[in-house]
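Participant: sequence and predicted model, in that order:
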Amino acid sequence: TMNDRKTIDLEQGWEFMQKGITKLKNILEGLPETQFSSEDYMMLYTTIYNMCTQKPPHDYSQQLYDKYRESFEDYITTTVLPSLREKHDEFMLRELVKRWANHKVMVRWLSRFFHYLDRYFIARRSLPALHEVGLTCFRDLVYQELNAKVRDAVISLIDQEREGEQIDRALLKNVLDIFVEIGMGQMDHYENDFEASMLKDTAAYYSRKASNWILEDSCPDYMQKAEDCLKREKERVSHYLHSTSEPKLLEKVQNELLSVYANQLLEKEHSGCHALLRDDKVEDLSRMYRLFSKIPKGLDPVAHIFKQHVTSEGTALVKQAEDAASNKKAEKKDVVGMQEQVFVRKVIELHDKYLAYVNDCFMNHTLFHKALKEAFEVFCNKGVAGSSSAELLATFCDNILKKGGSEKLSDEAIEETLEKVVKLLAYISDKDLFAEFYRKKLARRLLFDKSANDDHERSILTKLKQQCGGQFTSKMEGMVTDLTLARENQTNFEEYLSNNPNANPGIDLTVTVLTTGFWPSYKSFDLNLPAEMVRCVEVFREFYQSKTKHRKLTWIYSLGTCNINGKFEPKTMELIVTTYQASTLLLFNASDRLSYQEIVSQLNLSDDDVVRLLHSLSCAKYKILNKEPNTKTISPTDHFSFNEKFTDKMRRIKIPLPPVDEKKKVIEDVDKDRRYAIDASIVRIMKSRKVLGHQQLVMECVEQLGRMFKPDFKAIKKRIEDLITRDYLERDKDNPNLFRYLA
Amino acid sequence: PEGIETLCSDIEVDYTDVRILMLAWKMQAEKQGYFTLEEWRRGLKALRVDTISKLKKALPELEKEVRRPSNFVDFYSYAFRYCLTEEKQKSIDIESICELLDLVLGSQHRSQIDSLVQYLKIQNDYKVINMDQWMGFYRFCNEISFPDLKNYDPELAWPLILDNFVEWIKEKKS
C-alpha cells in the first residue's frame, strides 16, 4: 500500500535512474546492450512516480526535472559535441544527422520514463514540457554552435550539384529537416539560419554564370539555359529544400538570369527578339514568352519589339504597293487596281500570321493583342497611290462580291476572306469613309445586276453589323431590301399594263424604285429624253400614283440601261447601252450630222457627261458614230454622224460607258456628313453638360465619334465657332476657354 | 453723314480718326454715320461740355477714359457692333475689319496689328469676321507675347483663324 511504501532517497533513486539512462546511451552508441524490457520500463517509470508523489521533504519533482535536462546536457557536452567537432563537410553532416536521430530517440525514451512530471508538475509551474526541454538542449548546445558550419557545408554541396556532380540528396533532406524541426513549429530557424544564405549564394552563383553566358551565348541558347536552370532549381526544392523556398528561390534565379540582362538579351543583334521575329523562330519566341512572363514587367519590352516588328512589316507592304503603283502608272488603270488588290491580300496574310503568333507563342496575352492592334492601326491608315485604305478595302470587297471579279474563290474561301476584311476594318479610323465607298459600289452591283451571290452580300452585311453596329449597315440593308421590293413592284406594273393595254408605251420598260434615304445621292439631271421614253415615264408615273399617293418620284436616268436596235448596213445589231448613250444615239434618227454643241444643247447635259458619252460611242472599241476629225479625243468643234458601216461578228454587243470617278464625290459627301456629325455631337454634349471647358468638349467629341472616324481637331474648332455664330453656344464672359449651352 | 463731317471739321478731327468713334461710344450711338439728338445730348452731358470748343478740349480726356482697361473692352466690342450696318448682320468683311483693327488697336499694338492685317488679307479661309473672332483678336494682343508667340497654345479655345495666323507666322520664320 501507499503507506507502506518505503521513501526513496534522491541519491538512491537517481542512481537507479542513471543506470537506465546509461543503458539507453549505450544502445544509441551502438554498444552491445540488451533491449529494454517492459519490466525495465515499468521500474524506471515507477521510480520517478514514487519520487514525485512522496510527501515533502521527499517530493523531488523539481530536482528530477532539472536532472532530466542535465542528462541531455551532459551527454551532449561529453559525447555528442566532441564527435561532431572533429568532423567536417559531408562527414560532419552525416554525423549530425545520426546524432539528431539519436537525440530524438533519447528524448522519446527519457520523457517516457519521466512522464509523470508532464502530468502535473509542468502545468502547475508553467514550465516547458519534457519533450520541449529535450529538443531545446540540442538546439542550445549543438545547433547553436554548428548551424553556420552546417549551412556552409550544405550550400557547398548544392553548388557542387549545380556544377553537375552527384550528391547525396537524402542526406541534405535530412539535414534541412533539422533546421525545420529545431524551430519547433516555427520556420524562423530554417529561414534565418539557412534559407537567407542559400538564396544569397544562389544569386551570386547565377550572377556569375549569367555574366559569362550573356557574352558568349546567342539569345535562344541563353534562354534555353535559363529555362533548364529554373527547371533544375524547381526539382531541387522537391528533392531536399523546404517547399516554402520555391517561390523565393525561383525569384532569385529569374532575377539574376532574366531581369538583370533583359534588355541585353532582347536586343542582341543577330539573335535577339527582332531577329527571332524576322526569322519566324516560333519555338524560341514561345520560350521567350514563358520566361519573361515570370519577371515583373518582363513582357513589356517584348510586346514593344513585337509591335515595332509588325509595324515595319506592314509599312514595308505599303511601300511595296506604292512603288508598284508608281511603276505601273503608265499602263492601264486595271493593273494599278491589281496592285491594290494584292496589297490588301498581303495585309490580310500579315494579320493572319501575327495573330497566330499572338495566340500561340504569346498565349493570347492582352499585351500582345494590344501591340498587334496598335501596329496595324499605324500602317492600315496609310493610303496607297492616292487611294485611302478605306477605299482599298471597299474595292477589295467589291472585287470579291461582283460577277467577274478578280478574285476567283470557293464559297468557303469567300466567307473566310470577308470575315478577315471586316476584322481589318477595326483598325481603320475612317470607317465612315469605308461605308460610303462600300455603299457606292454596292449600289453599282445591285443596280447593274453585277452581284455574284446574294448570300455573300447579306453575310458581309451581318458581319459589318456585328462589328460596327446597326447604324453602320442600316442603309445598306435597306438597299438590298429595296431591290426585292422593286422586283415585286415590277410584277405589279406589268400586270397593270396588261390590264390597261392603251396605257402601254410600246417599249418594254423595267423600273426599279429606290428609297432615297438608303441609296447614295445621285445628281439627277434634266436629260431631254427621246419622245419614246417620255411616254414610258408618264405611264409608269400614272401606275405609281394609282398605287401610292404622297410619294415623289425622281428619275435618275444616269443609272438606266437600254437595249436598242441599230439598223446598220451590213446587219442590224442589238446594242446594250446606258440610257444616256441611247438618248445620244436616238438624236441621229432625226439628224444625219450633228455638231458637239448641238448635241449638248439637245441632250441638256453637262460638258463632262457629253464628252464621256461621245467618247464611248466614237473613240472606243465600237465606233457607232463617226467623228470629224477622227482624233482620239472629243473637242467642242467636232461633228458626229451615224456610222452605217459599223458591224461586228456578234449580233448583240454591250457598249460600256466608263463610270465617273466617284472618289472625289465620296470624300466630299463624307466630309459633309462629318460636319453634321460633329455639330450633332457638340450640341448633344453641351445640352447635357450645360457648361464645359474647351479641351473637355473636344475630348468627349472625339470619343463619341471615334467609332466612325477620327475627327480633325481643327474641324471641331470650326464647328464650335459655327455653332457660336448660330447661337447654340456662347463663350463664357470671364473664361474664354469655357462654353455655355444656349437653350 | 454730312453733319458728322461738319462736326469733324469744327472740332478739327478727321472723320476717320478713332476719336470720332470714341465720341460715338460715349454717346452710345446706334447707327454708323448718324447721331440722333438724344444721343448727341447724352454724349455732351456725359462729357460735361456745351460748346464745340469745350468739346474739342475734352477730347484728350475722353481718349484717356476710353483707353482705361475697364472701359476699353466695352469700347472695343462697341466698335464692332457700330460697323454692322444691315439688320441681322453678324459679321464684317475682311477689308473693313483690317481698317477697324488698325484704328482701334493700331496705336497700342502696332506690330501685332500689322502682322495680323497682312495675314487677314492673304488668307482665304474666312471672308468675314464675327464678334467672337473680333474679341479674340483683342485677347490675343493683350495676352500673347509677340513676336515669339511663346505662350500661345492652340489646344485652348482660341478662334481657329488665330491658330492659322500663328502657324503662318511660324512658317514665315523658318
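Facilitator: Yes, it's here.
Participant: kindly confirm my reading that residue A:50 is in a strand.
Facilitator: No. In this structure, residue A:50 is helix, not part of a strand, as judged by DSSP: H, G, I helix; E, B strand; the rest coil.
Participant: could you give the number of residues near it?
Facilitator: 18 (other C-beta atoms under 10 Å in any protein chain shown). Yep, even glycine has a C-beta here, placed from its N, CA and C like the rest.
Participant: and for residue A:475?
Facilitator: 17.
Participant: how close does it sit to residue A:432?
Facilitator: 12 Å (C-beta to C-beta, to the nearest Å).
Participant: what residues does chain B have near chain A?
Facilitator: B:90-91, B:130, B:132-133, B:135-136, B:139, B:155-157, B:159-160, B:163 (C-beta under 8 Å from any C-beta of the partner chain).
Participant: pull out the buried residues from those residues.
Facilitator: Taking 16 or more other C-beta atoms under 10 Å in any protein chain shown as the criterion, what is buried in those is B:91, B:130, B:132, B:133, B:135, B:136, B:157, B:159, B:160, B:163.
Participant: I'd assumed residue A:727 was in contact with the third one.
Facilitator: When you say that, I think you mean residue B:132. No. If you go by C-beta atoms under 8 Å, residue B:132 and residue A:727 don't touch, sitting 11.2 Å apart.
Participant: mean confidence score for the longest helix anywhere in chain B?
Facilitator: What stands out as the longest helix in chain B, according to DSSP state H, is helix B:52-67. What helix B:52-67 shows for mean pLDDT is 81.
Participant: any idea how far it is from the chain center?
Facilitator: 18 Å (C-alpha atoms, centre = their mean, to the nearest Å).
Participant: residue nearest the middle of chain B, spatially speaking?
Facilitator: residue B:104 (3.6 Å; C-alpha atoms, centre = their mean).
Participant: contact partners for that one?
Facilitator: B:18, B:21, B:75, B:76, B:79 (C-beta atoms under 8 Å, 6 or more residues apart in numbering or on different chains).
Participant: ok and the host helix or strand of the third one relative to helix B:52-67, angle-wise?
Facilitator: The secondary structure element spanning residue B:75 is helix B:69-82 (assigned by DSSP states H and E). Calculated by axes from the mean of the first three to the mean of the last three C-alpha atoms, to 10 degrees, helix B:69-82 forms an angle of 110 degrees with helix B:52-67.
Participant: convert the C-alpha atoms of helix B:69-82 to CSV, please.
Facilitator: Only the C-alpha atoms of helix B:69-82 are listed here, as CSV (Å, rounded to 0.1, in the frame of the first residue of the first chain):
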residue,chain,number,x,y,z
PRO,B,69,-8.6,98.9,-69.3
SER,B,70,-12.0,98.7,-67.6
ASN,B,71,-13.6,100.7,-70.4
PHE,B,72,-11.6,99.6,-73.4
VAL,B,73,-13.2,96.1,-73.7
ASP,B,74,-16.6,97.7,-73.9
PHE,B,75,-15.4,100.3,-76.4
TYR,B,76,-13.7,97.6,-78.5
SER,B,77,-16.8,95.4,-78.8
TYR,B,78,-18.9,98.6,-79.4
ALA,B,79,-16.6,99.4,-82.3
PHE,B,80,-17.6,96.1,-84.0
ARG,B,81,-21.3,96.5,-83.4
TYR,B,82,-21.2,100.1,-84.7
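Participant: so how far is the helix or strand following it from its chain's centroid?
Facilitator: Moving toward the C-terminus from helix B:69-82, the next helix or strand (DSSP H and E) is strand B:91-93. Relative to the mean C-alpha coordinate of its chain, strand B:91-93 is positioned 13 Å out (C-alpha atoms, centre = their mean).
Participant: contact partners of strand B:91-93?
Facilitator: A:725, B:80, B:83, B:84, B:100, B:127, B:128, B:129, B:130, B:131, B:134.
Participant: now secondary structure and pLDDT too, for those, in CSV please.
Facilitator: CSV is the format used below for the contacts of strand B:91-93 (DSSP: H, G, I helix; E, B strand; the rest coil; pLDDT from 0 to 100):
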residue, secondary structure, pLDDT
A:725, helix, 85
B:80, helix, 90
B:83, coil, 85
B:84, coil, 85
B:100, helix, 89
B:127, coil, 90
B:128, strand, 90
B:129, strand, 91
B:130, strand, 89
B:131, helix, 89
B:134, helix, 92
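Participant: just these now: which is nearest residue A:492?
Facilitator: residue A:725 (50.4 Å; C-beta to C-beta).
Participant: excluding chain neighbours, give the residue nearest to that closest one in space.
Facilitator: residue B:130 (5.4 Å; C-beta to C-beta, 6 or more residues apart in numbering or on different chains).
Participant: the one you found contacts residue A:723, correct?
Facilitator: No. Using C-beta under 8 Å, residue B:130 is not in contact with residue A:723; the gap is 11.8 Å.
Participant: mind picking out the helix or strand in the chain with the poorest mean pLDDT?
Facilitator: Reading this off chain A. Within chain A, no helix or strand scores below helix A:333-360, which has a mean of 84 by mean pLDDT, DSSP states H and E.
Participant: residues making contact with the helix or strand just after that helix?
Facilitator: The element immediately downstream of helix A:333-360 (helix or strand, assigned by DSSP H and E) is helix A:366-379. The contact list for helix A:366-379 (C-beta under 8 Å, 6+ apart) reads A:299-300, A:303-304, A:306-308, A:310-311, A:314-315, A:317-318, A:351, A:354-355, A:357-358, A:362, A:424, A:426-427, A:429.
Participant: are any of those buried, and if so which?
Facilitator: A:299, A:303, A:306-307, A:310-311, A:314, A:317-318, A:351, A:354-355, A:357-358, A:362, A:424, A:427, A:429.
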